[in-house]
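J.: Give me a 3D structure for the following:
(chains A and B)
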Amino acid sequence: MTDDRPLSLNRRRFLASVSALPILCAAGADAASLSGRLPWSPFAGDPPKPVNPLGWYFFQPNEVAIIEAIVDRLIPADNLSPGGRDSGCAVFIDRQLAGAYGQSSRLYMKGPFMPGLPTQGYQGDLTPTGRYREGLKALDEYARRTHGRSFAQLSPAQQDAMLQGLEDGSIDLKLRAGLTTRSFFELVLQNTMEGFFADPLYGGNKGMAAWKMIGFPGARYDYRDHVDKHNVAYPHGPISIYGEGL
Amino acid sequence: MARVLPRKDVVIMGLGWTGAILAHELTEAGLNVVALERGPWRDTASDFNIGYMPDELRYAIRRDLFLPPALEAMTMRNNLSQTALPMRDYGSFLPGHGVGGAGVHWNGYTWRYLASDFELKSHLTRRYGARRIADLQIEDWGVTYDEIEHCFDKFEYLCGTSGKAGNIKGKIVEGGNPFEGQRSREYPNPPLKMPYSSTLFGAAARELGLHPFPEPSSNMSQTYTNPLGITLGQCTYCGYCERFGCANYSKASAQTTVLPVLMKKKNFEVRTESEVLKINLHPDGKTARSVTYIDKAGNELEQPGDIILLCGYGLMNVRMMLLSGIGTPYDPATGKGVVGRNYCYQTGGGGAQLFFKDKRFNPFIGAGALGMAVHDFNGDAFDHSRLDFVGGASIAVGQSNGRPITNRPTPPGTPRWGAQWKKATAETYGRVFGIGGSGSSYAVRGNYLDLDPTYKDRFGRPLLRITFDFPDNDIRMQNFVGGQIARIARAMNADTVVTGQARKGWNAVPYQTTHNTGGAIMGADPTRSAVNKFLQCWDVSNLFVVGASAFPQNSATNPTGPVGMLAYWAAEAIRDRYLKSPGPLVPA
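T.: You can find the predicted model right below:
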């Protein structure tokens, strides 16, 4: 026989315990048992929190100057959109690194850490925070060694040439085992584009400038009236999760 | 020591598509059923909330709803000479997590395999001779299409699949797929409205003498009430479907088609955040006694049951059998053993990208399973006698999303950043689409699953090890299909067409498909299959292993339709055969 026991479900406590064995709840096997009704509780949703745009949570001042210079070369300002810095890409990366993403908390991080094949993916033991700390430092040292100045103080053309070198492998920053110069560049490029094109609540894509540039309507959720209007531009601008553009 | 809980009639591991369907069917038969689910409870209103579901970063990039590798990772290598290393993040495929499983964030493609796919070894041997497939480990399913047709039908009507039949009771129907096996009736819903890209593809394919049809989709083309009395809403083409839960109740999932009824039953219980450690056998080794699991509080518990159903993702079903010492592990050196045998994947690629300066496709108007396909080169729908491979692919243009972190192609030669990149991105977005090929994946001796000798999970248990590369046969198939795709692409008068070449060396990093099959395959011969034609374990008669783990090899199209079919097929076998006479349903 199945018991008809009362529902005792605490959603937030469920979601809080992903990587560690949950040990807070003492009620034993009954704690997460659901039976006899469709469980739902009001205000159980988990909406994202918009980032605070002020200050820096992860980057140190010298790193801020370098990462802002990088994102502004990856996405330079022109008549199509503001640049990466004014779009908030560095703030975006800072907040991502300060959160769960920066700690690789979802990922499998048990050893042994062994060099792998390209088909096996990243095998280093550094989390994204460690990779940024190490990579930015090495990049700046490289700039000082070759040009006598910090990366942030180089001309845009010099910065572009250096980024190009990271991308095509002609510059080797001699990072620690498991982290290649190229994979560091790919990480920064990926995160910069994430910030540029993600919902503005995460700190980048300020004013939905990236979405306006390409004509992406953002968080709109109903296109039934337009799906069969073939080859016709969608007439409405973007909206964001927190209602920009409404 | 594990605390022993009161016995249940049925213990189910995993509450995704198969677990939910089996739980519903067996509670209807009056049994007391408990499901143990490793992940959290999930419902539409709370977890797929329309206010914040359209969030590419959170759900598609950071993968909020997927299985975190921290909970269960797998190791991979391409062949026996390599050392397998853990996929520290999932990439090539993305297993699901929590109630609803991967059925929460699937696209909704709801296919049937070709009738010949179910008797593939016999069929190919008859048509081309045994030598043609000697380097492959192709098998029959042990069931015929006609035997299981009604189970496909049940799953499609549960889901409210939108589509157009091509063959009703042997009569070819205009506008549907003429190569499909015969169906007993039309789809429950008409096809979705097609986007521009798919109609261009359909017109070009038709001009070339091919047979385009709307892809079957469990995204609702209209409001639909399923046989359980649960109503789904019309799809809004929102473009946040695959990798997301549906906020509109318009994509079929356990949440939208089964759970509202199942959860209200007094003879059903689910325990979430409860991870099964192993299946325990009776001393004779011929039946299972119980499962041991860790609940959300960290307690170790033992749940006895008369019938044990392994309903996890296919790969996890195989790992659980290996961890529990059930069945003989497969050995690629001898080709003997059954658990881990015939692991297959999906042969993708061979696709083309088409760029048009004067057309706009509004790619953000999309649904998970929205498009047109041709099956003229699927499976053995075409003659292979003069070709150097067996198998084939579905060729299609689908429009699922224009989410810009991922989906913003630029013409070849464009830099990946800087002013030129930006200009090309702004000019090209919405003026490009792809023709895709989704191809069969056939078993070979060296592709298999076993337990990793080095890497462990959070409980100290070995991870699953995947040894896989694309077989030469499948690479040749893919290149042939790539040629067909290029032919269709040229007929569409694009400004630029980019095509690709198939290569060996399965790469675990870029996303391909979450269509991993085999490892606990069904069949008629206990020396070559792990479960019989009813999904019953040959060695442990009260254990049924349900999922894509049972596919002897993978066909060209998405696996969820056949997975749902197998859930109904197993439920029927348990209800109509096993309960009447518990024990092996097929003599070994």
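
J.: now the one helix or strand B:His24 maps to: how far from the chain's centre is it?
T.: Using DSSP states H and E, B:His24 sits within helix B:17-28. Centroid separation for helix B:17-28 versus its chain: 18 Å, with C-alpha atoms, centre = their mean, to the nearest Å.

J.: Kindly report the same for stretch B:159-173.
T.: Centre-to-centre, stretch B:159-173 and its host chain are 21 Å apart (C-alpha atoms, centre = their mean).

J.: Pull out the buried residues from it.
T.: B:159-167, B:173 (16 or more other C-beta atoms under 10 Å in any protein chain shown). Bear in mind the C-beta positions are built from the backbone N, C-alpha and C, glycine included.

J.: Name the residues that touch stretch B:274-284?
T.: The contact list for stretch B:274-284 (C-beta atoms under 8 Å, 6 or more residues apart in numbering or on different chains) reads A:29, A:32, B:13, B:36-38, B:71, B:287-296, B:300-302, B:308, B:310, B:320-321, B:323-326, B:459, B:461, B:540, B:543.

J.: What's the PyMOL syntax to select whichever of those residues are buried?
T.: Only the buried members of the contacts of stretch B:274-284 enter the following PyMOL selection, criterion being 16+ other C-beta under 10 Å:
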select buried, (chain A and resi 29+32) or (chain B and resi 13+36+37+38+71+287+288+289+290+291+292+293+294+295+296+301+302+308+310+320+321+323+324+326+461+540+543)
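
J.: The contacts of stretch B:274-284 in strands, which ones?
T.: Mapping the contacts of stretch B:274-284 onto strands (DSSP state E) picks out B:13, B:36, B:288-294, B:300-302, B:308, B:310, B:543.

J.: near chain A too, which of these?
T.: Among the ones in strands among the contacts of stretch B:274-284, the residues lying close to chain A (C-beta under 8 Å from any C-beta of the partner chain) are B:294, B:301.

J.: Relative to B:Ser184, which of the ones in strands among the contacts of stretch B:274-284 is nearest.
T.: Of all the ones in strands among the contacts of stretch B:274-284, B:Ser184 sits closest to B:Leu310, with 29.7 Å by C-beta to C-beta.

J.: Give me the pLDDT value at that closest one.
T.: Looking at B:Leu310, its pLDDT is 98.

J.: how close does it get to B:Arg319?
T.: According to C-beta to C-beta, to the nearest Å, B:Leu310 and B:Arg319 sit 10 Å apart.

J.: In CSV, list the buried residues of stretch B:159-173 along with secondary structure.
T.: Listed next are the buried residues of stretch B:159-173 as CSV, based on DSSP: H, G, I helix; E, B strand; the rest coil:
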residue, secondary structure
B:Cys159, helix
B:Gly160, coil
B:Thr161, coil
B:Ser162, strand
B:Gly163, coil
B:Lys164, coil
B:Ala165, coil
B:Gly166, coil
B:Asn167, strand
B:Val173, coil
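
J.: which SS class is A:Thr146?
T.: Three-state assignment for A:Thr146 (three-state DSSP): helix.

J.: And the strands in chain A?
T.: Under DSSP E, chain A gives strands at A:33-34.

J.: rewinding a little: what's the helix holding B:His24 in contact with?
T.: Residues outside helix B:17-28 that contact it (C-beta under 8 Å, 6+ apart) are B:9-10, B:12-13, B:15, B:33, B:35, B:37, B:100-103, B:155, B:158, B:228, B:253-254, B:258-259, B:261-262, B:265, B:267-268, B:307, B:309, B:311, B:546-547, B:560, B:563-564, B:566-568, B:570-572, B:574-575.

J.: So which of these sit within strands?
T.: Those of these lying in strands (DSSP E): B:9-10, B:12-13, B:33, B:35, B:268, B:307, B:309.

J.: Give me the buried subset of the contacts of helix B:17-28.
T.: B:9-10, B:12-13, B:15, B:33, B:35, B:37, B:100-103, B:155, B:158, B:253-254, B:258-259, B:261-262, B:265, B:267-268, B:307, B:309, B:311, B:546-547, B:560, B:563-564, B:566-568, B:570-572, B:574-575.

J.: Just list the residues touching residue 129, thanks.
T.: Picked chain A for this. A:58, A:97, A:102-103.

J.: my bad, chain B
T.: No residues are in contact with B:Gly129 under the rule C-beta under 8 Å, 6+ apart.

J.: That one and B:Ser555, how far apart?
T.: Distance from B:Gly129 to B:Ser555, by C-beta to C-beta: 21 Å.

J.: roughly how far out does stretch A:220-231 sit from the chain middle?
T.: 30 Å.

J.: tell me the mean pLDDT over it?
T.: For stretch A:220-231, mean pLDDT rounds to 97.

J.: So what touches it?
T.: A:232, A:234, A:236, A:238-239, B:50, B:53-54, B:193-196, B:199, B:234, B:236-240, B:247-248, B:359-360, B:362, B:364-365.

J.: and if you look at stretch B:140-147?
T.: B:112-115, B:117-122, B:181, B:522-524, B:529, B:532-533, B:551-552, B:569.

J.: can you check stretch B:481-496 too?
T.: Contacts of stretch B:481-496 (C-beta under 8 Å, 6+ apart): B:200-201, B:204-205, B:207-208, B:210, B:349-357, B:374, B:377, B:392-393, B:395, B:411-412, B:435, B:437, B:439, B:497, B:499-502.

J.: Report the buried residues of that stretch.
T.: Those would be B:481-482, B:484-486, B:488-489, B:492, B:494, for stretch B:481-496 by 16+ other C-beta under 10 Å.

J.: Which ones among those map onto strands?
T.: Going by DSSP E, the strands hold none of the buried residues of stretch B:481-496.

J.: okay if I get these as TSV plus pLDDT and distance to B:Phe468?
T.: Output for the buried residues of stretch B:481-496, formatted as TSV (pLDDT from 0 to 100; distance: C-beta to C-beta, whole Å):
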residue	pLDDT	distance to B:Phe468
B:Val481	96	20
B:Gly482	96	21
B:Gln484	97	25
B:Ile485	97	24
B:Ala486	96	27
B:Ile488	97	29
B:Ala489	97	29
B:Met492	95	34
B:Ala494	96	34
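
J.: which one of those is nearest B:Pro587?
T.: B:Val481 (41.4 Å).

J.: and the gap between the closest one and B:Ser440?
T.: B:Val481 is 10 Å from B:Ser440, by C-beta to C-beta.

J.: list the residues that contact both of the two?
T.: B:392-393.

J.: any low-confidence regions in the chain?
T.: Answering for chain A, as no chain was given. Within chain A, the segments meeting pLDDT under 70 span A:1-31.

J.: wrong chain, I was asking about chain B
T.: Using pLDDT under 70, chain B drops low at B:349.

J.: What are the boundaries of the helices in it?
T.: With DSSP state H as the criterion, chain B has helices at B:17-28, B:44-47, B:120-128, B:145-159, B:196-207, B:254-257, B:259-262, B:314-323, B:418-428, B:472-490, B:560-573.

J.: and of these, who's closest to A:Pro53?
T.: helix B:418-428 (23.2 Å).

J.: on contacts alone, who are the packing partners of the closest one?
T.: Applying 3 or more C-beta pairs under 8 Å, 6 or more residues apart in numbering or on different chains; DSSP states H and E, we find helix B:418-428 packed against helix A:209-214.

J.: Could you list which residues are in contact with the residue of the stretch 1-150 of chain B found nearest chain A?
T.: Going by C-beta to the nearest C-beta, chain A is nearest to B:Ala73 of the stretch 1-150 of chain B, at 3.5 Å. By C-beta under 8 Å, 6+ apart, the contact set of B:Ala73 is A:108, B:86-88, B:90, B:455, B:457, B:463.
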